[in-house]
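Participant: sequence isn't available, so here's the structure alone:
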DNA sequence: TGTTCATATCGAGGTACTCCGAAACAGCGG
DNA sequence: CCGCTGTTTCGGAGTACCTCGATATGAACA
């Protein structure tokens, strides 16, 4: 009768949106999906800054920021501030954990 | 720029609810979670009838019925009518496909 | 045919999600 | 310190989700 892992449910809620899923997918290969030229820091190191993601997603900047914050709360991405730019990158370890937990629960 | 698989998103939306996730988890081992005595048919064959699931979930009958219908629309379970009882069972093939698609997209 | 039981569907109240623009916050450069 | 730029947070309008009770359907059985 024990309820399913709340962290898993939170992650699934974050994933249950085509745009958030897309963002996570783009972040798998940042150099493939975002302009290298504009990068203020190594994408593999810190990730991609919000403006690039926003441009590619085509949604309002506030919306993209909120989506990224939700992905972060769900533990799927990590944020790093470099100067005035916030960079988001996937947390591969947590993502793998979540997929494993899904396999266990599901 | 291609959008993520809509079927995957629909499945994730269905999974992004603790109760629906729980139902799916219970259905993994029906004989472990539901009374054998009341079973009108082999759980491994057709699954578990709505009344048993409803009793265990403790929600209104209409709610459980709607949740099961949503899981079915998402392709996660199959329904079989036996007399006046509708039995639901996991669609293991589709579930495996969805997990694979998630691994590919994510 | 009428009744009864299992399930599905409908309608509704409350809550959460989606997305926006406006405003607040935070790092810079002058 | 001021303004500029990137980002976050806030307030709101529309939509979807959660959950229920009431009602409708469908299958069995007297």
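Facilitator: It's in. Fair warning: this is a prediction, and the values are worked out from it, not measured in the lab.

Participant: make it CA atoms for all contacts and neighbour counts henceforth
Facilitator: Noted.

Participant: what's near enough to touch residue A:47?
Facilitator: With contact taken as CA atoms under 8 Å, 6 or more residues apart in numbering or on different chains, residue A:47 is in contact with A:27, A:30, A:80, A:87, A:88, A:89, A:90.

Participant: please tell me how far it sits from residue A:55.
Facilitator: Separation of residue A:47 from residue A:55 (CA to CA, to the nearest Å) stands at 15 Å.

Participant: over to residue A:12?
Facilitator: Distance, residue A:12 to residue A:55, using CA to CA: 25 Å.

Participant: of these two, who's got more company?
Facilitator: Using other CA atoms under 10 Å in any protein chain shown as the criterion, residue A:12 and residue A:55 rank with residue A:12 on top: 22 against 13.

Participant: give me the contact list for the one helix or strand residue A:94 maps to.
Facilitator: Here residue A:94, judged by DSSP states H and E, is contained in helix A:92-105. Where contact means CA under 8 Å, 6+ apart, the residues beyond helix A:92-105 that reach it are A:4, A:8, A:11, A:75, A:76, B:21, B:25, B:99, B:103.

Participant: would you mark the buried spots in that helix?
Facilitator: A:95, A:98, A:99, A:102, A:105 (16 or more other CA atoms under 10 Å in any protein chain shown).

Participant: from these, which two are the most distant?
Facilitator: The most widely separated members of the buried residues of helix A:92-105 are A:95 and A:105, with 15.1 Å between them, by CA to CA.

Participant: need the helix or strand of chain A with the lowest average pLDDT.
Facilitator: Among the helical and strand segments of chain A, the one scoring lowest on mean pLDDT, DSSP states H and E is helix A:43-46, with a mean of 84.

Participant: low-confidence stretches in chain A?
Facilitator: Within chain A, the stretches with pLDDT under 70 are A:1, A:37-39.

Participant: which part of chain A gets nearest to DNA strand C, residue-wise?
Facilitator: residue A:83 (3.1 Å; CA to the nearest atom of the strand).

Participant: could you give the number of residues near residue A:62?
Facilitator: Counted with other CA under 10 Å, the neighbours of residue A:62 add up to 11.

Participant: show me where chain A has strands.
Facilitator: Ranges of strands in chain A, per DSSP state E, are A:48-49, A:77-82, A:85-90.

Participant: touching, residue A:87 and residue A:51? I think so.
Facilitator: No. Contact criterion CA atoms under 8 Å: residue A:87 and residue A:51 do not qualify, at 9.3 Å.
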